[in-house]
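Asks: Dropping a prediction and its sequence here:
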Amino acid sequence: MHCGFIDESDWLDAKPGDGCLRVPRVIGAGVDAPGVEWAQEDKDTGDMDPKVCPGWAVRQPFVAEVCRAYKAFDKGALDALYPEISHSVAEGVQELSRAFDEFSRQRMTELARRAERG
């Protein structure tokens, strides 16, 4: 899945519906969602994100630190465990919290649509 540990030229892509066992170009597709391209352009920065697999991304030191800080935040212990938290980690915690809230909102919407269909 676009592994960050190998050269990008070695990545294999498959187009939706082509029957390949390779990594799909579109991820997150479902009944109510069209999914997104792996290399989706960020409207604010013009960067193409996400570009690499989640497995590589979560092993990056900054991401791991933000996840640990978020866990402390979620348990109400952020001030105790991170008394001098850096601005970038605090922003990461806020962004992660926002992303989890958005995921929950989308999931609840999806479940409500399924319930309406019967």
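Replies: Thanks, I have it.

Asks: Return the distance of E91 relative to R114.
Replies: When distances are taken as Cβ to Cβ, to the nearest Å, E91 and R114 turn out to be 35 Å apart. For the C-beta atoms, the positions are set from N, CA and C on the backbone; glycine is no exception.

Asks: And E116, how close does it get to F103?
Replies: Using Cβ to Cβ, we find E116 at a distance of 21 Å from F103.

Asks: Which strands or helices does the longest helix belonging to the chain pack on?
Replies: Secondary structure assigned by DSSP state H gives helix 87-117 as the longest helix of the chain. Taking 3 or more Cβ pairs under 8 Å, 6 or more residues apart in numbering; DSSP states H and E as contact, the helices and strands that helix 87-117 lies on are helix 61-74.

Asks: Try it again at 10 Å.
Replies: Identification of packing neighbours for helix 87-117 by 3 or more Cβ pairs under 10 Å, 6 or more residues apart in numbering; DSSP states H and E yields helix 61-74, helix 78-81.

Asks: Looking at those helices, which is nearest to D7?
Replies: With Cβ to Cβ as the criterion, D7 lies closest to helix 61-74 of the helices and strands packed on helix 87-117, at 21.5 Å.

Asks: quick check: angle from that closest one to helix 87-117?
Replies: With axes from the mean of the first three to the mean of the last three Cα atoms, to 10 degrees as the basis, helix 61-74 and helix 87-117 are set at 70 degrees to each other.

Asks: In terms of secondary structure, what does helix 61-74 contact?
Replies: helix 54-57, helix 78-81, helix 87-117.
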